[in-house]
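Asker: For reference, the sequence and a predicted model appear below.
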Protein chains: 2
Amino acid sequence: MAGLTGGDPSLLRRINSAVVLHALRATDCATLTEITRVTGLSRPTVEGVVEGLIEAGLVVETAADEGTARRQGRPARRFRFRAEAGHLLGLEIGPHRVAALLSDLDGRVIGAQAKDVGVDAPADERLERLRTAVAELLRRAGVARGSLRAVGAATPGIVEADGTVRLGTALPGWTGLSLGERLSRSFKCPVLVENDANAAAVAEHWKGAATESDDVVFVLAGLSPGAGALIGGRLHRGYGGAAGEIGALHLMGQDVTPETLLSTTDEPLHPLDEQAVAQVFAEAREGDRRARAAVERFTQRLVHDVTALVLALDPELVVVGGWAAGLDGVLEPLRLELARYCLRPPRVALSLLGEAAVATGALRLALDHVEEQLFAVEGATARR
Amino acid sequence: MAGLTGGDPSLLRRINSAVVLHALRATDCATLTEITRVTGLSRPTVEGVVEGLIEAGLVVETAADEGTARRQGRPARRFRFRAEAGHLLGLEIGPHRVAALLSDLDGRVIGAQAKDVGVDAPADERLERLRTAVAELLRRAGVARGSLRAVGAATPGIVEADGTVRLGTALPGWTGLSLGERLSRSFKCPVLVENDANAAAVAEHWKGAATESDDVVFVLAGLSPGAGALIGGRLHRGYGGAAGEIGALHLMGQDVTPETLLSTTDEPLHPLDEQAVAQVFAEAREGDRRARAAVERFTQRLVHDVTALVLALDPELVVVGGWAAGLDGVLEPLRLELARYCLRPPRVALSLLGEAAVATGALRLALDHVEEQLFAVEGATARR
């Protein structure tokens, strides 16, 4: 790549800095000569940029390699990206539990903490449980709060750009909650809030079942399923952040609610009682007639909703996650129905990340934010 | 804007040329001083670029304004973009008719031609009708075929990137047809092929009901509806070009086909018989019981399909088009149901372009292609 010259000097410094950082991060460590070759920048430019990055604490000179020293008489200086220069948190705030993942600036997870929380717990209690989990996680890992560069948080509901939950019926006191603002009180760094299915889609694309595809629908199966979609590798949130909230579709023109759909008695299930749901799936596997019928109804509903998503979006891949138990039985009916009704049926896969998907996605969103700041070169595009 | 300097000189020439052309195209005509001010380029750079554009036939010096001449002693030279330097075609290839729109390089329509064609006409006959329409249109407008810079064509079915129809059940002999290649035989310029609902979405965004929104779902209502979606102002085609082909959704778990849904007898309608459909709508308006029931069934189906699209995509606006007759009665039920089932209901509007939408969208796609070539400055972005 040719280095850009002329124009706004501070912008060019930032671009060159991003280019060098990008090159260093892709390797263990590198000499100035290697950086010069990879980036196409001049030697003096690279020297100046590396000096600046060392001052900023993002790059460090590593000990000289002895072999190199012997061959060349004097050792070539080698530099590496300091992934330990900052840390990131990925938070899941769910109906049953809160969870936190801690990583370095390379996104390498160095600690995790989760806590159960009551389905009916009010917002304050849920957030307090989360704060406790985060405090324990940081203490155990020996990471200072001030080292955090960004925090991602994922939760059910429609989340607005400012981190407010526009609508969140799954958690008590969630609708209207300024979740971003509430979380920000605990951190000095930026806090990003995202819908849980959206975060899970990002996670599966990062290190789960969707690493090979940029056009993915992730279905967070539940009594009322939600979905997150990546289009061209980017999260599709929709105009109002409500994209993929497909759960209402099956209600149209029907009196049946999801709670009765999967019930084997005439009593509705609690919409968030995963144990009761797992029980029904288990009974169905053992051949119980009513349980089989209930699972059949549930599967049909899920298949219908996923088909609607697939017809609308035409993804390459559908990843099904959410409940740990029972979901593998959904894949085959889903494949069959998609093949039947979709003009171009997508591949179907089970989540690889399981219950870690939501927090992992939140962590990735925090990492994206930091990478944008460190490596962004958008300022360099010609503006019309 | 500051002019970029240094780097690849031919790239910079191209960028500067695009910037000047962009500025000239936004105005009637301009002096070198005005262009210099608007673009931020230096006077000598602007002079050189304008000279080059005149040689390329894209810019012409206009007659000097007398007032200016008198005041300044000698007239300031004025220049304008030559929109007449090239032409574009937008083609619709539908079940009942083929249509062509002709425009200049500003996208201003200077002629139109349409021809009826039988629903059952084989592919060769349909394409021959189109060729005849195009030939008549060019002759009447006095435009030479060699003046065409790009041709857009829109048609039902899933269209692949190379212009092949992957699946097109609405037209005989359409599935597997190398439509782009077949059309290219008639033209020396690039030919772009697109799905009809996608093209209509682009058209409504350009000069129809969706000019104010970048997140739009266009529903091409019919016995089996199709849809096109813009996300952030860009067409969402899906991984395999099948996004929005929602028509199969209502078939799931039901024995009813669209042809019987809107029938007032027990005989299915011909899926493409718009007259029969218009007749049912008219009878319903006059109070006929069976017709009202049929329209009710049809509306419910459409509403369900559109709701699925809206839940999946979360657009700001839904535009309903397709059949000219009867559709206005669909809007109110659609609004009501969307408000009921969508967490964030979109606005709903009727198509403003009517049956011109598809060809207009095809024209816009041709214009996009030419603008990319004339005005693209992507090459100037920093590559990582």
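Answerer: Yes, it's here. Residues are numbered from 1 along each chain as shown, chains lettered A, B, ... in the order given.

Asker: Am I right that A:Leu249 sits in a helix?
Answerer: Yes: looking at A:Leu249 with DSSP: H, G, I helix; E, B strand; the rest coil, it is inside a helix.

Asker: give me the number of residues near it?
Answerer: 24 (other Cβ atoms under 10 Å in any protein chain shown). To be clear about C-beta, it is placed using only N, CA and C from the backbone, and glycine gets the same treatment.

Asker: wait, it sits on A:Ala308?
Answerer: Yes: counting by Cβ atoms under 8 Å, A:Leu249 touches A:Ala308, with 5.7 Å between them.

Asker: hey, what's in contact with both of those two?
Answerer: Common contacts of A:Leu249 and A:Ala308 (Cβ atoms under 8 Å, 6 or more residues apart in numbering or on different chains): B:Ala308, B:Leu311.

Asker: chain center to the host helix or strand of A:Arg297: distance?
Answerer: Using DSSP states H and E, A:Arg297 falls within helix A:289-313. Counting by Cα atoms, centre = their mean, to the nearest Å, helix A:289-313 is centred 25 Å from the centre of its parent chain.

Asker: in it, what's buried?
Answerer: A:291-292, A:294-295, A:297-313 (16 or more other Cβ atoms under 10 Å in any protein chain shown).

Asker: For A:Asp104, give me its contacts.
Answerer: If a contact means Cβ under 8 Å, 6+ apart, then A:Asp104 has A:Ala83, A:Glu84, A:Gly86, A:His87, A:Leu88, A:Ile110 as its contacts.

Asker: List the buried residues for stretch A:26-39?
Answerer: So for stretch A:26-39, counting by 16+ other Cβ under 10 Å, buried means A:Cys29, A:Ala30, A:Thr31, A:Leu32, A:Glu34, A:Ile35, A:Thr36, A:Val38, A:Thr39.

Asker: Could you tell me how far the residue of the stretch 251-384 of chain A found nearest chain B is located from B:Gly232?
Answerer: Closest contact between the stretch 251-384 of chain A and chain B, by Cβ to the nearest Cβ, is at A:Asp314 (2.4 Å). Noted for A:Asp314: a distance of 17 Å to B:Gly232, by Cβ to Cβ, to the nearest Å.

Asker: What residue spans form the domains of chain A?
Answerer: A:9-81, A:86-202+A:358-373, A:212-351 (automatic domain parsing).

Asker: average model confidence for the first one?
Answerer: In other words, domain A:9-81. The pLDDT scores in domain A:9-81 average 83.

Asker: does chain B sit close to it?
Answerer: Yes: legend: contact between domain A:9-81 and chain B by Cβ under 8 Å from any Cβ of the partner chain is shown at A:Ile15, A:Ala18, A:Val19, A:His22.

Asker: Now rank those residues by neighbours and give me the top one.
Answerer: Busiest of the residues of domain A:9-81 next to chain B [other Cβ under 10 Å] is A:Val19, holding 27 neighbours.

Asker: Which of the helices or strands spans it?
Answerer: Under the assignment here (DSSP H and E), A:Val19 is part of helix A:9-25.

Asker: Report all helices and strands that that helix contacts.
Answerer: helix A:32-39, helix A:43-55, strand A:78-81, helix A:357-375 (3 or more Cβ pairs under 8 Å, 6 or more residues apart in numbering or on different chains; DSSP states H and E).

Asker: Make a markdown table out of these and add distance to A:Glu283.
Answerer: Shown next, in a markdown table, are those (distance: least, Cβ to Cβ, whole Å):
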| stretch | distance to A:Glu283 |
| --- | --- |
| helix A:32-39 | 59 |
| helix A:43-55 | 60 |
| strand A:78-81 | 53 |
| helix A:357-375 | 26 |
